[in-house]
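> Pasted the sequence and its predicted model underneath.
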Amino acid sequence: MGLSASQARFLQLTARRSNVEYQAQQINFQRLQWSDKLAAVSSEYQDKTSNRKMVYNFNNGDGITQVDVTYQNYKNYMNQQMEGLTTAQDKFFLVSSTGNKIIVASEEERDAMIERYTTYTPYSVSSEGENGVENSENQEIVIQEDEEGNSQQMLVQREFNVNDFMIVDDLDDVDNFQNAIQNGIYFFAKRELNTETNMFEFKTESWDTIGGGAIGEVYDTTDDAEAEAEYKAMSDKIQNIDKKLELQLNKLETERNAIQTEIESISKVIDDNIESSFKTFS
């Protein structure tokens, strides 16, 4: 092979080697990206299998029962809104962080609670001057008629009015509800009499101290099976892709080694041609 031909072949092989090395770099970059995705999938799997949830422990008559802390379960099991309870003392309410607003999901729920804690007592004309009742948001004198058309004055006394409430429309979102409790956005509270002001106030209590541990945290295993299935599917997919990329990389490495061997051989031929062509003395 002549010097010119050898030089042309050398340049061609060098270009091929550069192209093979570039392809290998691209494959390594892809493998790195898939490795990052596998790490993200693994992290998500760990999060889903180690997440915790809040539960409420109560005695249903047959022993201790455990239910998730949700807004609906709060209403069903934390006694202040059970049927037949018409006084608000010693019962837990869900209140705002400042402790001065009762949290409810709708106007209907608010109105029902106001009515539940409202009492009606007969109020005679003769007692009006003695008691000096003034109409307000929390009490008033009303005239009621029975089925026979007989009228009677009634003293209506309400423990709450509309200004005591805050309506929140996403209370059924369990994660948001539990996070709001844990982060101190909502509190559970009892309504107690302040002896100094002679007025009822809400006394807030941290969720993890109520009833000596009535509310606690447990591992949430409800999504573990789904999380495991998703992780296995994604892990298998990524590993299969990585194996294919590794095979491509091995093929390129073999090709590069062959090219490098030929380059070294051509380089020797070029050196020999130069030496034989330009050597002055033999």
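Sure thing, it's come through.

> I'd say Ile103 and Ser97 touch.
No - counting by C-beta atoms under 8 Å, Ile103 sits too far from Ser97 to count as a contact (10.1 Å). For every residue, glycine as well, the C-beta is placed using N, CA and C.

> what touches both of the two?
Counting by C-beta atoms under 8 Å, 6 or more residues apart in numbering, the common neighbours of Ile103 and Ser97 are Tyr186.

> out of those two, which sits in the more crowded spot?
Set side by side, Ile103 and Ser97 show more neighbours around Ile103, with 22 against 13, by other C-beta atoms under 10 Å.

> which residues touch the more buried one?
Counted by C-beta under 8 Å, 6+ apart, Ile103 has contacts 94-96, 165-166, 168, 171, 186.

> Same question for Leu13.
259, 262-263, 266.

> How about it, nearest residue that isn't a chain neighbour?
Leaving aside its sequence neighbours, Leu13 sits nearest to Ile263 (C-beta to C-beta, 6 or more residues apart in numbering; 4.8 Å).

> What average pLDDT does the helix or strand harbouring that neighbour get?
Under the criterion of DSSP states H and E, Ile263 resides in helix 224-278. Averaged across helix 224-278, the pLDDT comes to 85.

> tell me what it is packed against?
Applying 3 or more C-beta pairs under 8 Å, 6 or more residues apart in numbering; DSSP states H and E, we find helix 224-278 packed against helix 3-50.

> Flag every buried residue along the following helix or strand past the helix it packs on.
Proceeding N to C from helix 3-50, the next assigned helix or strand is strand 52-59, under DSSP H and E. By 16 or more other C-beta atoms under 10 Å, the buried positions in strand 52-59 come out as 53-56, 58.

> Which pair of those spans the longest distance?
Using C-beta to C-beta, the pair of the buried residues of strand 52-59 lying farthest apart is Lys53 and Phe58, separated by 16.2 Å.

> dump the residue contacts of the closest residue to Gln260 other than its chain neighbours.
Among residues not flanking Gln260 along the chain, Arg17 sits closest, at 6.6 Å (C-beta to C-beta, 6+ apart). By C-beta under 8 Å, 6+ apart, Arg17 lies in contact with 256, 259-260, 263.

> I'd like those residues as TSV, with distance to Ile241 and neighbour count appended.
As requested, the contacts of Arg17 are exported to TSV (distance: C-beta to C-beta, whole Å; neighbours: other C-beta atoms under 10 Å):
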residue	distance to Ile241	neighbour count
Arg256	22	18
Ile259	27	20
Gln260	28	13
Ile263	32	17
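
> Make TSV out of those and add distance to Met154.
Output for these, formatted as TSV (distance: C-beta to C-beta, whole Å):
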residue	distance to Met154
Arg256	98
Ile259	102
Gln260	103
Ile263	107
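
> so where's the protein uncertain?
Across the chain, the ranges flagged by pLDDT under 70 are 1-3, 59-60, 79-90, 125-134, 211-213, 270-282.

> Just the CA atoms of stretch 159-179, as PDB, please.
Below are the C-alpha coordinates for stretch 159-179, written out as PDB (Å, rounded to 0.1, in the frame of the first residue of the first chain):
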ATOM      1  CA  GLU A 159     -74.600  28.300  72.200                       C
ATOM      2  CA  PHE A 160     -73.300  29.200  68.700                       C
ATOM      3  CA  ASN A 161     -74.100  31.600  66.000                       C
ATOM      4  CA  VAL A 162     -72.900  31.900  62.300                       C
ATOM      5  CA  ASN A 163     -69.900  34.000  63.200                       C
ATOM      6  CA  ASP A 164     -68.500  31.100  65.300                       C
ATOM      7  CA  PHE A 165     -67.900  29.000  62.200                       C
ATOM      8  CA  MET A 166     -65.500  28.700  59.300                       C
ATOM      9  CA  ILE A 167     -66.600  26.800  56.200                       C
ATOM     10  CA  VAL A 168     -63.800  24.800  54.500                       C
ATOM     11  CA  ASP A 169     -64.600  23.000  51.200                       C
ATOM     12  CA  ASP A 170     -61.800  20.400  51.000                       C
ATOM     13  CA  LEU A 171     -62.200  18.600  54.300                       C
ATOM     14  CA  ASP A 172     -62.800  15.300  52.500                       C
ATOM     15  CA  ASP A 173     -59.300  15.200  51.200                       C
ATOM     16  CA  VAL A 174     -57.800  12.900  53.800                       C
ATOM     17  CA  ASP A 175     -54.100  13.700  53.200                       C
ATOM     18  CA  ASN A 176     -54.800  17.500  53.400                       C
ATOM     19  CA  PHE A 177     -57.000  17.000  56.500                       C
ATOM     20  CA  GLN A 178     -54.400  15.000  58.400                       C
ATOM     21  CA  ASN A 179     -51.600  17.300  57.300                       C
END
